[in-house]
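Novice: model the following, please.
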Amino acid sequence: MKVIVTNEKYGEFVYEESFWTGKKELFLNGEKLEKSSKNVFLMNNGDAVYLKGNYLSGVNVTINDETFPLMSALKWYDILLSLLPFILVLIWGNSRGLVNIVPIVGGAIGGLFGGLGTGINLLLSKSIKNIWLKIVITILVTGLTFLICYLIALI
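Specialist: Numbering: from 1, shown residues only. Next up is the predicted model:
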């Protein structure tokens with residue numbers, strides 16, 4: 001995920017974080033800041049830039065006791081929508097009556113695919129601003145997760 005934020009005092013910050021590995025890079029006015037430790041970067045003048053947070057919880061930058069946001073946290077509805085594939089597989093896969101109607105795989109395999117659906121939803125919901133589009137994407141990902149678990153159960 002790449003975020004560009006302009007600050008009046010310091011200029012343009014470009015923040016990049018890998019969703020899968022959590023690796024962070026920070027650029028200030030086009031120049032890559034040197035990484036001093038996990039969440040500390042050094043500016044050319046020697047000032048330390050502290051990062052707090054991550055892709056899901058939001059990211060704040062602190063320079064000389066001044067803190068400002070680079071990336072906002074997930075909203076409550078983003079989290080709720082993202083959990084729907086996992087919750088559906090969890091409930092449906094463990095209910096004998098529902099599995100008799102439409103069989104899906106549950107347990108560890110169902111949890112794996114439900115978790116993948118949740119991860120995909122989290123990744124997509126952070127990049128989509130329109131709430132209605134988020135709902136449509138969630139329904140599609142949940143349906144795809146359900147279909148995969150159904151096909152595995154047929155095998």
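Novice: give me the contact list for stretch 117-129.
Specialist: The set of residues external to stretch 117-129 that reach it, using Cβ atoms under 8 Å, 6 or more residues apart in numbering, is 1, 19, 55-56, 74, 78, 81-86, 89, 134, 137-138, 141-142, 144-145. Where you see a C-beta, it was placed from the backbone N, CA and C, and this is true even at glycine.
Novice: those residues in helices, which ones?
Specialist: Mapping the contacts of stretch 117-129 onto helices (DSSP state H) picks out 78, 81-86, 89, 134, 137-138, 141-142, 144-145.
Novice: filter those residues down to the buried ones.
Specialist: Burial by neighbour count, 16 or more other Cβ atoms under 10 Å: within the ones in helices among the contacts of stretch 117-129 this picks out 78, 81-86, 89, 134, 137-138, 141-142, 145.
Novice: which one among those gets closest to residue 26?
Specialist: Closest approach to residue 26 among those (Cβ to Cβ): residue 78, at 24.3 Å.
Novice: on that earlier part again, closest one to residue 113 out of the buried ones among the ones in helices among the contacts of stretch 117-129, please.
Specialist: In terms of Cβ to Cβ, no member of those lies closer to residue 113 than residue 145, at 5.6 Å.
Novice: so which bits of stretch 118-126 are buried?
Specialist: Neighbour-count burial for stretch 118-126, counted by 16+ other Cβ under 10 Å, picks out 118-122, 124-126.
Novice: how far does it sit from the chain's center?
Specialist: 5 Å (Cα atoms, centre = their mean, to the nearest Å).
Novice: just stretch 146-155 next, same as before
Specialist: Distance, centroid of stretch 146-155 to centroid of chain: 26 Å (Cα atoms, centre = their mean).
Novice: contacts for it?
Specialist: Around stretch 146-155, the neighbours that count as contacts under Cβ under 8 Å, 6+ apart are 85, 88-89, 92-93, 99, 102-106, 109-110, 113-114.
Novice: which PyMOL command selects the buried ones in those?
Specialist: Restricted to buried positions by 16+ other Cβ under 10 Å, the PyMOL selection for the contacts of stretch 146-155 reads:
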select buried, resi 85+88+89+92+93+104+105+106+109+110+113+114
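Novice: can you give me the strands in the chain?
Specialist: With strands called from DSSP state E, the chain shows them at 2-7, 11-17, 24-28, 31-32, 34-37, 40-42, 48-54, 58-63, 66-71.
Novice: if we can go back for a sec, need the buried ones among the ones in helices among the contacts of stretch 117-129 in JSON lines with pLDDT, can you?
Specialist: Formatted as JSON lines, these follow (pLDDT from 0 to 100):
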{"residue": "78", "pLDDT": "91"}
{"residue": "81", "pLDDT": "93"}
{"residue": "82", "pLDDT": "93"}
{"residue": "83", "pLDDT": "95"}
{"residue": "84", "pLDDT": "96"}
{"residue": "85", "pLDDT": "96"}
{"residue": "86", "pLDDT": "96"}
{"residue": "89", "pLDDT": "95"}
{"residue": "134", "pLDDT": "93"}
{"residue": "137", "pLDDT": "95"}
{"residue": "138", "pLDDT": "95"}
{"residue": "141", "pLDDT": "96"}
{"residue": "142", "pLDDT": "96"}
{"residue": "145", "pLDDT": "96"}
